[in-house]
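**Q** got a structure for you, letters missing:
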């Protein structure tokens, strides 16, 4: 099979488009992000929002996860937040659950 320039260009365009769409899927407005994770366990948050950019799981009673450029503020012309801070504390069953979400 002969590989032509047009075929290479088509494959390259498809790859670029898939990466662009994949990146968009991770971004959420503040309200949606918070509603998807509030009261959820760490495993549930990983499933719903993906791996955080930074984790501070050193505290015995509090874990803090940071997501970079993941959320945006609808009330401020969709301005991206630099950081979204997710705070977990121990729930009644002893598991860590999200009790607070901060947008910076």
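**A** Right, received. Where do you want to start? Bear in mind the structure is a predicted one, so any value in this text is a computation, not a measurement.

**Q** gap between residue 80 and residue 55?
**A** 21 Å (CB to CB, to the nearest Å). C-beta here means a position set from N, CA and C on the backbone, and glycine is covered the same way.

**Q** I'd say residue 39 and residue 95 touch.
**A** No - under the criterion of CB atoms under 8 Å, residue 39 makes no contact with residue 95, lying 10.9 Å away.

**Q** tell me which of the two has more neighbours.
**A** residue 95 (13 against 10; other CB atoms under 10 Å).

**Q** what's the closest non-adjacent residue to the more buried one?
**A** Of all residues not flanking residue 95 in the chain, residue 41 sits nearest, at 5.2 Å (CB to CB, 6 or more residues apart in numbering).

**Q** likewise residue 40?
**A** residue 98 (5.4 Å).

**Q** what comes up buried for the helix or strand harbouring the one you found?
**A** Per DSSP states H and E, residue 98 falls inside strand 96-103. Neighbour counts over strand 96-103 (16 or more other CB atoms under 10 Å) mark 96-98, 101, 103 as buried.

**Q** surely residue 78 meets residue 28?
**A** No - counting by CB under 8 Å, residue 78 sits too far from residue 28 to count as a contact (11.4 Å).

**Q** what's in contact with the strand holding residue 98?
**A** Counting contacts by CB atoms under 8 Å, 6 or more residues apart in numbering, the residues outside strand 96-103 that touch it are 30, 33-34, 37-42, 45, 63, 71, 73, 81, 83-91.

**Q** point out where this structure drops to low pLDDT.
**A** The chain contains residues with pLDDT under 70 at 1-2, 7-25.

**Q** again, only using 50
**A** 17-25 (pLDDT under 50).

**Q** restricted to strands, list the contacts of strand 96-103.
**A** Among those, the members falling in strands (DSSP state E) are 63, 71, 73, 83-90.
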